[in-house]
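[1] what follows is a predicted protein model with its sequence.
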Amino acid sequence: MSVRTVWSLGNFSRAVIRTATLRCVQTAHRRVGIAVKRDIPGRRGSRGTPPCVMTPGRWAGSRDCSLRPPFFLMSCAAFSIFSKLREEDEDLSEPEQEIVYLLKKAKLSIMKDEMDEAEELLHKTLHLAQECKSKRAILYTYDLMANLALLRGRYDTAEKLFKTTMVYMLDSGIKQDDNSFLEISLKLASIFAAQNQKDLAVAGYQFCILSLDTRTKQERDLPEEVMAAEEKTNTRLLLGLCLDSYARYLVSESQLLHAQVMYEKALKICKEEQGDLHPQTITLLNDLATVMEAQGRYDEAYTFASQALHLAEKADHPDHHIMLSNMAAILMHQGKMENLVDAERIFRKALMKAEEKKDAKSVQFIQEGLSKLARQKKEKGQNI
């Protein structure tokens, strides 16, 4: 089972988690009447100046990042449960081979954003799996159907399908602390967040984090012949993804100090397992800068933003323009005249890169920042 995906990259299930976390947080905001783009309550700084942007990393690229699928979903291999079936192709019966073929076609349709076709293929797959009474094929199909429903924002359907998948997993002997089971638990937590079921959402996030933290401690000293190093890494990476997802939810709830702690833990794991130049390491540095900036801790925000920007330039990070605009916003919030000059220069560089990427949302955000910066510079000039 591979967790080297959203964090190392390319597993469908983790991509779904990332999309679900971002989209569900935004949906939860809308249901309780919170404007997604407004400043976080309690923050300090110049009134009307735009806050930094939570960098979606490789999974989007603008303020409304939750509206886009991560990685366009899809540098993905099979999601983790399905990968077990794929690895055992030589042991499959003829009906199961047909099921594998249909599942692969369905996943390809999702990658092409042909969701109706994917759904039709999955219904055919489920019918065939039930006909041949293959429990594992039914399990894999339900899991992919649930992921598809979640991607389409059909939260009630996704919740029912994920719970059905969990029943089949337990019936197949998969334990509740298995990575594949915890992946689904994380997706359910994001669904509860979307439905504004805050207690269930928090309980879900915390269950995943506690379970994986316990596992990592138990696995840490196991010899290679008992557990391969890659399996230990997989568990740590999934823990990091849970911490990251929970942190984003906490930011949406304005629990900034708690979110900061989660981000710091996620960053530590990502650095240790994937290195400083990994896209997710850079994204987490930027997100930490954003949380610091939202608390009015501009010097600390500047430190993290500088690190993120330096590494983004070295690694050619796809969200380099967002990190530039965040740095400019932090300089603007610091309020010193010399910082405002630097902020304008960086904003204009970010604008050029955003236009090159045709990222309309980021272009709009940067243009708003430049307008407010001009007003701030004018006020400063009048006060001198």
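    Ah, there it is.

[2] only C-alpha atoms from now on, for both contacts and neighbour counts.
    Will do.

[3] helix or strand with the lowest mean pLDDT in the protein?
    In the chain, no helix or strand scores lower on mean pLDDT, DSSP states H and E than helix 80-87, which sits at a mean of 48.

[4] buried set for the very next helix or strand once past that one?
    The helix or strand immediately downstream of helix 80-87 is helix 94-111, counting by DSSP states H and E. By neighbour count on 16 or more other Cα atoms under 10 Å, the buried set for helix 94-111 is 95-97, 99-100, 102-111.

[5] now do stretch 303-320
    Those would be 303-306, 308-309, 311-312, 317-320, for stretch 303-320 by 16+ other Cα under 10 Å.

[6] so of these, which ones are in strands?
    Within the buried residues of stretch 303-320, no residue falls in strands by DSSP state E.

[7] helices - which of the residues you listed land there?
    303-306, 308-309, 311-312, 320 (DSSP state H).

[8] show me where the stretch 151-300 of the chain has helices.
    Listed in chain order, the helices of the stretch 151-300 of the chain (DSSP state H, counting those that start in this stretch) span 155-171, 179-194, 198-219, 229-252, 256-274, 279-294, 298-315.

[9] go through those and pick out the most buried.
    Ranked by mean neighbour count, the helices of the stretch 151-300 of the chain are led by helix 279-294 with a mean of 28 (mean count of other Cα atoms under 10 Å).

[10] identify the residues contacting the nearest residue to M327 once chain neighbours are set aside.
    What sits nearest to M327 in space, not counting adjacent residues and going by Cα to Cα, 6 or more residues apart in numbering, is A305, at 6.0 Å. A305 makes contact with 285-286, 289, 323, 326-327 under the criterion Cα atoms under 8 Å, 6 or more residues apart in numbering.

[11] how near is A305 to D156?
    Between A305 and D156 the computed distance is 38 Å (Cα to Cα, to the nearest Å).

[12] go on, S245?
    S245 is 20 Å from D156, by Cα to Cα.

[13] would you confirm that Y302 contacts A289?
    Yes. The criterion here is Cα atoms under 8 Å, and Y302 meets it with A289 at 6.8 Å.

[14] can you redo the ones in helices among the buried residues of stretch 303-320 as CSV with distance to T216 and pLDDT?
    Output for these, formatted as CSV (distance: Cα to Cα, whole Å; pLDDT from 0 to 100):
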residue, distance to T216, pLDDT
T303, 30, 96
F304, 27, 96
A305, 30, 95
S306, 31, 96
A308, 27, 96
L309, 31, 95
L311, 28, 96
A312, 29, 95
H320, 33, 94
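
[15] hmm, back to that, closest one of the contacts of A305 to Q260?
    A289 (9.4 Å; Cα to Cα).

[16] hmm, G296 and the closest one touching each other?
    No. Contact criterion Cα under 8 Å: A289 and G296 do not qualify, at 10.6 Å.

[17] I figured C242 was touching C208, is that so?
    Yes. Applying Cα under 8 Å as the test, C242 and C208 come out as touching, 6.8 Å apart.

[18] residues bridging contact with those two, i.e. touching both?
    L186.

[19] let's test this: mean pLDDT of stretch 101-116, rounded?
    Averaging pLDDT along stretch 101-116 gives 92.

[20] how far does that stretch sit from its chain's centre?
    Centroid separation between stretch 101-116 and its chain, computed with Cα atoms, centre = their mean, to the nearest Å, is 21 Å.

[21] for it, list the C-alpha coordinates in CSV.
    Provided in CSV are the C-alpha atoms of stretch 101-116 (Å, rounded to 0.1, in the frame of the first residue of the first chain):
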residue,chain,number,x,y,z
TYR,A,101,-10.3,-3.5,-16.7
LEU,A,102,-13.5,-1.6,-16.0
LEU,A,103,-12.0,0.0,-12.8
LYS,A,104,-9.0,1.2,-14.8
LYS,A,105,-11.3,2.7,-17.5
ALA,A,106,-13.4,4.4,-14.8
LYS,A,107,-10.3,5.9,-13.2
LEU,A,108,-9.1,7.1,-16.6
SER,A,109,-12.5,8.7,-17.2
ILE,A,110,-12.2,10.6,-13.9
MET,A,111,-8.7,11.8,-14.9
LYS,A,112,-10.3,13.2,-18.1
ASP,A,113,-13.1,14.8,-16.0
GLU,A,114,-15.7,12.5,-17.7
MET,A,115,-17.5,11.9,-14.5
ASP,A,116,-20.8,10.6,-15.9
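
[22] next, count neighbours for D221.
    Residues near D221, counting by other Cα atoms under 10 Å, number 10.

[23] how much space between it and K135?
    Look at D221 and K135: by Cα to Cα, they are 35 Å apart.

[24] ditto for L241
    L241 sits 29 Å away from K135, taking Cα to Cα as the criterion.

[25] do M352 as well
    Look at M352 and K135: by Cα to Cα, they are 53 Å apart.

[26] A343 - nearest residue in space that isn't next to it in sequence?
    Nearest to A343 is A328, by Cα to Cα, 6+ apart, at 4.2 Å.

[27] how about the contacts made by that neighbour?
    Applying Cα under 8 Å, 6+ apart, the residues near A328 are 342-344, 346-347.

[28] one more: K232?
    216, 219-220.

[29] next: A158.
    Applying Cα under 8 Å, 6+ apart to A158 gives the contacts 145-150.

[30] kindly recompute the last result at 7 Å.
    146-147, 149-150 (Cα atoms under 7 Å, 6 or more residues apart in numbering).

[31] and the pLDDT at the nearest residue to T303 once chain neighbours are set aside?
    Closest residue in space to T303, ignoring its immediate chain neighbours: A289 at 7.6 Å, by Cα to Cα, 6+ apart. On pLDDT, A289 comes in at 95.

[32] pretty sure A289 is touching Q307, no?
    No. If you go by Cα atoms under 7 Å, A289 and Q307 don't touch, sitting 9.5 Å apart.
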